[in-house]
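Visitor: fold the following for me, if possible:
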Amino acid sequence: MEQTQLLLNPEAQSYRDYGPAQAAVLNAPAFAMARAEICSWPGYAPTPLIALPALAAERGVTALTCKHEGARFGIGSFKPTGPTYAMLAVLKGEVRRATGVAQVSTEDLVTRRYAEIIRDIVVAAPTSGNHGRALAWGARTFGCRAVLYMNDSVSAGREAAIRGYGGEVVRVPGAYAQAVQQMLEDDAVHGYFIVADQGTPAYPQVQQDIMQGYALVADELVDQSAPALPTHLFVPGGGGILAAACCAHLWERLGRDRPRVIVVEPTASCCLYASARAGRAVQVAAATSVMDGLVVERPAAEAWPLLSAGAFAFLTVPDQAAVEAMCLAADPHGDDPALVIGDTGSAGWAGFLAVSSDPALRRSLGLSAASRVAVVVTEEATDAAVYQRIVGRAP
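Guide: Modelled structure (predicted):
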C-alpha cells in the first residue's frame, strides 16, 4: 500500500549562501531578462495568490495561501512561463543564424517578419499534456511547428487540447520514458529542436531557460506575500524543473529569509525522493499515478543539483491523498473559496494536508501555529472529463 514518505535533506538543514555553482545555472541577471520578456507578452498578468484562512485555522497554521497557476495566459497551467520562453530563444537564434540580423524581437515573430524561416522550424518535446499545450500555443503564436510525444496513458482530452492549438501529437506505447526515446529517435531523422529536459545540441541552455521562466512563479509569490513571507512552500516535483526554479530563485532573492521548500511527488513515482535517499540522481521504475504529469523516471539534469543543495525536504503522497485534496479544494470548509485543481496540480496541496495532520511530520518540518504556508497549484482542470471522474462534478 502506498504511504506518505518524508525525507529531510541533510544538505539544506543549515544555511549556506547561494553560491557560484547555483548561479551558473540560475541567476538574477538571466531571470531579469526572462521576466521582462514574459511580462511583455499580450495577456500577461500575475496569477492569483489566494488566502485560505478557514483551512489554515483548521490545520493549525497562521496563514495558508495557494499560488494558483490555472489562469496563466489562458493555457490552464504554469507551463507557458518556461517551455514557451525557451522555445522563443531557439526561434530567435535560428533567425539570427539564417539572416545575420543581430537583434530579433518577439514582435518580429508575432508579425511574421521572418515567416519563411520560422515555418520550417519544428520544436519537439515529450509531454503529459501541459508542456505540450504550452509549446503548441507558442508555435501558433510565433509561426513554427510543434510535434509532441505522448505515451498512451495520457488522456484523450489532453491530446485534443494540444491539437486545438495546432500541435501535432505522436502517440507512443508504454510509459513516459518510451515517449522520450521515440522523440530522440525521430529527432535523429528529422532534426527537431527539442524544448524539454533533454535539450538540443545547438541550444544547450534550453533547460536553464525553462527554469528561468518558471522562476517567475516564485518571484510573483514573493511580491504578493510581502511583507509576511511564507515560512514553508509546498511545490510539485516530477522531473524537478519547477521545484528547482522556485528553490533557487527564493534562495538567491531572499537568502536566510527564504521559505523551507518541500518537494512533493506521487509515492508511485518519486525519482527526486529516491535520488535524495541515494545521494545522487537515480532512475525509478515506470509507474502510473493520478498525478500523471509528475510521473517521470529520472530527475532533470540541471534541476537535481539545485534541489539536492537547497530543497529542505522531499515528500511523497499516495494517489488517494491527491484525490482527497482535489475534492476538498472543490468543497472547502468555512468561507474559503472553492478552487478547481487539476490532478497533477494537486500534489503540493495533498502534501500540505498530509503533513499538517501528522504530528511527527509537522515536527520534522518545523510546522507550527506560527507558520505561514504557501502551496503552488500548477494547473486547473486541464481535462474536464478526468476531473469529473475524480471529483464527481464538472469543473
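Visitor: could you use CA atoms for every contact and neighbour count after this?
Guide: Will do.
Visitor: look up how far residue 383 lies from residue 76.
Guide: Plainly put, residue 76 is 10 Å away from residue 383 if you go by C-alpha to C-alpha, to the nearest Å.
Visitor: same check, this time on residue 212
Guide: Residue 212 is 27 Å from residue 383, where distance means C-alpha to C-alpha.
Visitor: who's more crowded, the two?
Guide: When neighbours are counted by other C-alpha atoms under 10 Å, residue 212 and residue 383 differ, and residue 212 comes out ahead with 32 against 20.
Visitor: give the contact list for that one.
Guide: If a contact means C-alpha atoms under 8 Å, 6 or more residues apart in numbering, then residue 212 has 26, 30, 31, 34, 82, 245 as its contacts.
Visitor: among the residues you listed, which are in helices?
Guide: Within the contacts of residue 212, residues falling in helices by DSSP state H are 30, 31, 34, 245.
Visitor: would you agree the last one is in contact with residue 209?
Guide: No: the pair residue 245 and residue 209 does not pass the contact test of C-alpha atoms under 8 Å, sitting 10.2 Å apart.
Visitor: and the residue nearest the centre of the chain, how far from residue 131?
Guide: Among the residues of the chain, the smallest C-alpha distance to the mean C-alpha position (C-alpha atoms, centre = their mean) belongs to residue 242, namely 3.9 Å. Spatial separation of residue 242 from residue 131 under the definition C-alpha to C-alpha is 12 Å.
Visitor: got phi/psi on residue 92?
Guide: Residue 92 has phi and psi values of phi -60, psi -40 when expressed as degrees, to the nearest 10.
Visitor: okay, now it: neighbour count?
Guide: Neighbouring residues of residue 92 were enumerated by other C-alpha under 10 Å; the total is 21.
Visitor: ok, for it, nearest residue in space, not its chain neighbours?
Guide: Of all residues not flanking residue 92 in the chain, residue 104 sits nearest, at 6.0 Å (C-alpha to C-alpha, 6 or more residues apart in numbering).
Visitor: residue 98 is in contact with the one you found, correct?
Guide: No: the pair residue 104 and residue 98 fails to qualify as a contact (C-alpha under 8 Å) at a distance of 11.5 Å.
Visitor: and those two? which has more neighbours close in?
Guide: The residue with the greater number of neighbours, taking residue 104 and residue 98 and applying other C-alpha under 10 Å, is residue 104; the counts read 17 against 11.
Visitor: name the SS class of the more buried one, please.
Guide: Reduced to three states with DSSP: H, G, I helix; E, B strand; the rest coil, the structure at residue 104 is coil.
Visitor: which residues touch it?
Guide: Taking C-alpha under 8 Å, 6+ apart, we find residue 104 in contact with 92, 95, 96.
Visitor: doesn't residue 105 make contact with the last one?
Guide: Right, residue 96. No: contact status for residue 96 versus residue 105: not in contact, 10.6 Å apart, counting by C-alpha under 8 Å.
Visitor: hmm, back to that, in a markdown table: the contacts of residue 212, plus neighbour count.
Guide: As requested, the contacts of residue 212 are exported to a markdown table (neighbours: other C-alpha atoms under 10 Å):
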| residue | neighbour count |
| --- | --- |
| 26 | 24 |
| 30 | 15 |
| 31 | 20 |
| 34 | 24 |
| 82 | 29 |
| 245 | 26 |
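Visitor: can you redo those residues as JSON lines with pLDDT?
Guide: Written out in JSON lines, the entries for those read as follows (pLDDT from 0 to 100):
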{"residue": "26", "pLDDT": "96"}
{"residue": "30", "pLDDT": "96"}
{"residue": "31", "pLDDT": "97"}
{"residue": "34", "pLDDT": "96"}
{"residue": "82", "pLDDT": "94"}
{"residue": "245", "pLDDT": "97"}
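Visitor: cheers, nothing more for now.
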